[in-house]
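**Q** Sequence first, then the predicted structure, then my questions.
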Amino acid sequence: MSAKALIDHVKEATGAVEREEVTPQGQVALHVTPANWHVVAEHLRRCPRCNFSMFNWLSAVDMEDDGFEVIAHLYSASSLQAVNLKTMVPREGGSVPTLTGLWRGASFHERECWEMFGIDFAGHPHLVKLLLAEPFVGNPLRKEFVLMTREAKEWPGAKEPE
Amino acid sequence: MGVVDKVNLPQPVKFVFNWGRKYSLWVMNFGLACCAIELIAASTSRHDFMRLGVIPVAHGPRQADLLVVAGTLTDKMAPALKRVWDQMPEPKYCISFGSCSNCGGPFWDSYSVTKGVDQIVPVDVYVPGCPPRPEALLEGIIRLQTQIADESLKERFERQRREAIVVGGPVGPVDLSNR
């Protein structure tokens, strides 16, 4: 399926795609609302034409005032095609439905995203810390997270390289 | 440990004990990152630290005399390092191998990396480098063996803090008071 055909197909089948992007390399990104996150993901997983059977990774980007952009990267082994599923959640109290029911492998990615950004994954069966030590407080990949060492000593390199 | 750390042994006995100990360092390889590869390189045929009596086949910490921490220690891994160190029988020695284990190295501002294994275990020799060459480890081992040859176990146990060696740094006691 070409990038355009994929976009048109998903738009038609789910009616939940807000907007889409295609990079010059042909990488498709579908933007959805958090409420439609699971609906679109389920279609991409179950529809025989899409068949995105491989959950490659899930992460988030701190967009500061706009909130966090959660990205799931899915891959289809039959059409050798990848797609980015994206959604925006607010900084505080952001919640996204879990995808563990569709891909078991989503569990670790969602746990990591939860501890690093503080984004809730509603319905996740075991949302506990994955990589951070047990007594750790805070969400270290948020931009407002204070690195104590950097408070004590300035970053020695150039902050905005020319 | 017994009588040898309670009394000052006669010089010939002390010499024999220290000589035996310094040429039979069973090493526990606590490899955590790329520095562990340099440590392995130091044990293989080109550098071959077995010719110095360092034996890299300790079955576990309970059979080891020397702990080499090679790589980035994270706060989550730190309890495991402490546990390994506590299982090792006295007299035991520790080499901190590479910038990460010395002070955090390139991860100096990280939220998850322990800034120096000396916060967890007492370090006898610091080997700087990112990663250090195997020769640097050999130098560290030789410096440690020189220290073992001169030491008195009684004094070692009485002294709370050990004087650390920095490979490539000043020879003799190092001032750690400003750390």
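**A** Sure thing, it's come through. Residues are numbered from 1 along each chain as shown, chains lettered A, B, ... in the order given.
**Q** Show me the shaky parts of chain B.
**A** Residue ranges of chain B with pLDDT under 70: B:1, B:159-163, B:169-179.
**Q** Now find how far off-centre the longest strand seen in chain B is within its chain.
**A** For chain B, the strand with the greatest residue count under DSSP state E is strand B:25-31. Its chain's C-alpha centre and that of strand B:25-31 lie 9 Å apart, by Cα atoms, centre = their mean, to the nearest Å.
**Q** and the angle for the following helix or strand past it with strand B:25-31?
**A** Downstream of strand B:25-31, the next assigned helix or strand under DSSP states H and E is helix B:35-43. Our comparison of helix B:35-43 with strand B:25-31, counting by axes from the mean of the first three to the mean of the last three Cα atoms, to 10 degrees, yields an angle of 150 degrees.
**Q** who touches helix B:35-43?
**A** B:29, B:31, B:47, B:49-50, B:54, B:56, B:68, B:70-71, B:97-98, B:100-101, B:131-134, B:137-138 (Cβ atoms under 8 Å, 6 or more residues apart in numbering or on different chains). Where you see a C-beta, it was placed from the backbone N, CA and C, and this is true even at glycine.
**Q** Now it: buried residues?
**A** B:C35, B:A36, B:E38, B:L39, B:A41, B:A42, B:S43 (16 or more other Cβ atoms under 10 Å in any protein chain shown).
**Q** Closest one to B:T114 out of those residues, please.
**A** B:C35 (14.5 Å; Cβ to Cβ).
**Q** ok, that closest one to B:V117 distance?
**A** 12 Å (Cβ to Cβ, to the nearest Å).
**Q** Kindly report the same for A:G94.
**A** In terms of Cβ to Cβ, A:G94 sits 38 Å off from B:V117.
**Q** can you check B:R21 too?
**A** Counting by Cβ to Cβ - B:R21 and B:V117 are separated by 23 Å.
**Q** Assign the residue nearest the centre of chain A to helix, strand or coil.
**A** Centroid-nearest residue in chain A, with Cα atoms, centre = their mean: A:I71, separated by 2.3 Å. Under DSSP: H, G, I helix; E, B strand; the rest coil, A:I71 falls in the strand class.
**Q** Let me see the ranges of the strands in chain A.
**A** A:19-22, A:28-32, A:54-62, A:68-76, A:81-89, A:95-97, A:120-122.
**Q** Sorry, slip of the keys, the one I care about is chain B.
**A** Counting by DSSP E, the strands of chain B are B:25-31, B:54-55, B:66-70, B:93-97, B:125-127, B:165-166.
**Q** need those strands in CSV with distance to chain A, can you?
**A** Shown next, in CSV, are those (distance: least, Cβ to the nearest Cβ, whole Å):
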stretch, distance to chain A
strand B:25-31, 18
strand B:54-55, 32
strand B:66-70, 18
strand B:93-97, 19
strand B:125-127, 19
strand B:165-166, 21
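**Q** Alright, calling it a day.
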